[in-house]
Each structure stands twice: as C-alpha cells, then as structure tokens.
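> Build me a structure from this.
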Amino acid sequence: MKRVTTLLATVSVLAASQASAVAAEITINSFGGAYEEAHRKCVIEPFTAETGADVKIVTAYSADAFAQLRAQKDAPQFDVIHFSGGQEIVGAEEGLLAPIDPSKLSNAADLYPFAGANMEKGEGPAYQIAAIGLLYNSDELAEAPANWADLMKPEMAEGLVLTDISNTYGLFGFLMLNQVAGGDLENIQPGLDAVKTMLDNGAYVVSKSPEIQQSFAQGGAFVAPYASDYAFTLRKAGLPVKFQQGAEGTPASYITANLVAGRDNEDLALKFIDVELSPEAQACFAEALRYTPTNAKTELPAEVAADVAYGEEGVKSLLRFDPEVIEASRADWVVEWNKAIAQ
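Presented below is the predicted three-dimensional model:
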C-alpha cells in the first residue's frame, strides 16, 4: 500500500511539473523585421531572464493578428496581443480582451494618463507611440518647418512629398492637414481641397515609405509629413533628415499591449506587459526605433529625445484620431482621395 501511495505521489509531482512547464510559456504576436528584433532585445530577453518563461512569437501585423484573435474566440492561442491600429477598442467591446487591474502592473502608475486610460475596460495600455510630424532635409531648410500650415505655403510645394492615405501614416498626416484646413473626421473636403492645391503647386504623392527615402535621396524632396521613426531610418541611410512636431498637434499611432481573455497564463501575461511598460524597455525601444515612450520615468539621451515626442511637454500635443471612425470611413475616404489626386 505504501508503494502505491509513493507511486501516486510521484505521478502527482510529475503532473504538476509538466503543468508548470506548460504554463511557463506565453504566446504573443510581434510585427517582424527590425521591430521584432527590438522586441526580443528590449522586452523578451529581460522577461525570460527574470521569469524563466519562454515566449512563443507569432509574426502578425495588427489587422492579421486581430483576425486570428476573432477566429480563435472559443479557443484563444495568444496570451498577449499587440495592435497599432486601434483594434483593442473593438476587441474589448467583443469580449476578446480581458480588463486589466492597474494595481497588478508595477509600472502603471508611471504611465502618462492617456496611455492607460481604458485598461479596466479591456483596452490594453499603450507602451509606445508612433508620432506623426514633419520630416525635413536640414541641409535644404535653414529652419525647421514649425507648423503643419507651413506645408500649404506655395514655396514649400516643390519639395513636398505626401504619402497615399492607404498607408496609415499617410492617412494620419492627411487628417492633420484636413484639421488645419478646417475639416474634421465628418468632413475631409477641406483637406482634399488643400491637397489639390499643393499638387497644383508642385507637390507629389508616393504610395510607400521607401519612395519617400528615394525622393529625399534624389534631392527632389525636402519635407514630408510622416512618422518619427522613419526620420531615423533615413538618417541611418546617410540622409540629413530630422523630425519636427507641428505646433498644431502631433497625430499619434498607439501601439498597445493587450491581455487576451480566456487564457490560463494571466499572471505571466501581465508580467510581460509590465516589462513592456518599464522605463528600461521603453528607452531601449526608443534607442532602437525612435518610438515615443509612454512611461514618464523613461530617460533618453538628447539625440534620441530629439527624434520623438519626449517628456510632459512633448506628449501634451499628441492627439489620436478616433480609430473606430477611421475604420468605418477609410474605404470611402480612399475613393475621395483617389479622385482628388487624379485631377
């Protein structure tokens, strides 16, 4: 009898060990390429070193990741899912994402208020911001363009590159121009009229970010509304390009970390999100890719801070266009945009 009891105890220990081994792994999505490389260095490696847990990465951009999350509704596979297009709003409404108690994140109290505003509704915190501003050739322009309205000056048009609104950063730049021209999300006609005038004066439109680099490299462009991280990309390519926030506001693309509902690894998943919110991880990401930190305690070297919206002063001008309105309107906007740039 004693032998049977010992055997059962051994089996129980093995089962517990196997369960622990299974639990010591979480599944996340990342965005591939340089982003995923930075994700490993800045978050995954420190997380694994601290917890001993493995991280399984599924490379998937936001729209694809959200489609997978919906398809897995009855048997979710992700523990933490990252979005950059506002999908967390719909995901929370559909019950696919779990509410987060800020008291369970050691770094939550240090976030700028906008970054963690809706965690308890299920919308994960923003751990990075892609800031949209003015990229300019510092050799061509003696002074940085300080305002979005500067792009509408006729003398700027011959060196102005606009990006098609099928590109999210291109869309945010256009919506900011529309706002400066007097429009809003219910009325983009002022922006379309402004763009037509810019094109008449010599500006031109590209469809993809590599074409912006090509335009600057060939000397035909000296200013473009686009994301701060791309100014860094151009500078690494040897081009004298700097980033400037426009005085009227800085459109922001939130990159969020979300807790998936219905998973067993909640504590580990929350720990992973907490690492992403830490000042160390955010400084690492800013150094690598020039994304704006959301933790107020993040400290950046001056050369990195110059490329992002940094500190209380830098982030106070960030603005977020309503992702739900964008999603509902984007297809119609593209049709109107294509008509405007074709004229």
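> contacting residues for residue 126?
Under the criterion of C-beta atoms under 8 Å, 6 or more residues apart in numbering, the neighbours of residue 126 are 114, 115, 116, 254, 255, 256, 294. Every C-beta, even on glycine, is put in place using the N, C-alpha and C of the backbone.
> Residue 155 falls within a helix, correct?
Yes. Assigned with DSSP: H, G, I helix; E, B strand; the rest coil, residue 155 falls within a helix.
> how many neighbours does it have?
If you count neighbours by other C-beta atoms under 10 Å, residue 155 ends up with 9.
> coming back round to it: just the buried subset of the contacts of residue 126, please.
114, 115, 116, 254, 255, 256, 294 (16 or more other C-beta atoms under 10 Å).
> Return the subset of those residues lying in strands.
254, 255, 256 (DSSP state E).
> The first one pairs with what?
Residues found in beta-bridge contact with residue 254 (criterion: DSSP bridges) are residue 129.
> my guess is it contacts residue 321, does it?
No. At 10.8 Å, residue 254 does not count as touching residue 321 under the criterion of C-beta atoms under 8 Å.
> so where is the stretch 1-150 of the chain shaky, pLDDT-wise?
1-23 (pLDDT under 70).
> in it, which spans are helices?
2-23, 33-39, 45-51, 62-71, 87-93 (DSSP state H, counting those that start in this stretch).
> domain assignment for this structure?
25-129+253-310, 131-251+323-342 (the TED database).
> As JSON lines, the ones you listed with distance to residue 317 would be great.
Formatted as JSON lines, those follow (distance: least, C-beta to C-beta, whole Å):
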{"stretch": "domain 25-129+253-310", "distance to residue 317": "7"}
{"stretch": "domain 131-251+323-342", "distance to residue 317": "5"}
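> Setting aside sequence neighbours, what's the nearest residue to residue 72?
residue 78 (7.5 Å; C-beta to C-beta, 6 or more residues apart in numbering).
> what does residue 324 give?
Per C-beta to C-beta, 6+ apart, closest to residue 324 is residue 89, 6.0 Å.
> Number of residues surrounding the one you found?
Neighbour number of residue 89 under other C-beta under 10 Å is 20.
> cool, residue 229 as well?
Residue 229 is flanked by 23 other residues according to other C-beta under 10 Å.
> Run through who's touching the helix or strand where it lies.
Assignment of secondary structure by DSSP states H and E places residue 229 within helix 228-236. For helix 228-236, contacts defined as C-beta under 8 Å, 6+ apart pick out 130-133, 135, 169, 209, 212-213, 216, 241-243, 289-292, 307-309.
> Please repeat the previous calculation with a cut-off of 6 Å.
Contact with helix 228-236 is made by 131, 135, 209, 213, 241, 243, 289, 290, 307, 308, as judged by C-beta atoms under 6 Å, 6 or more residues apart in numbering.
> try stretch 291-303
110-112, 115, 126-129, 131, 277, 279, 282-283, 285-286, 308-309.
> ok, now with 8 Å
107, 110-112, 114-115, 125-131, 228-229, 252, 255, 277-279, 282-283, 285-287, 308-312, 314-315, 318.
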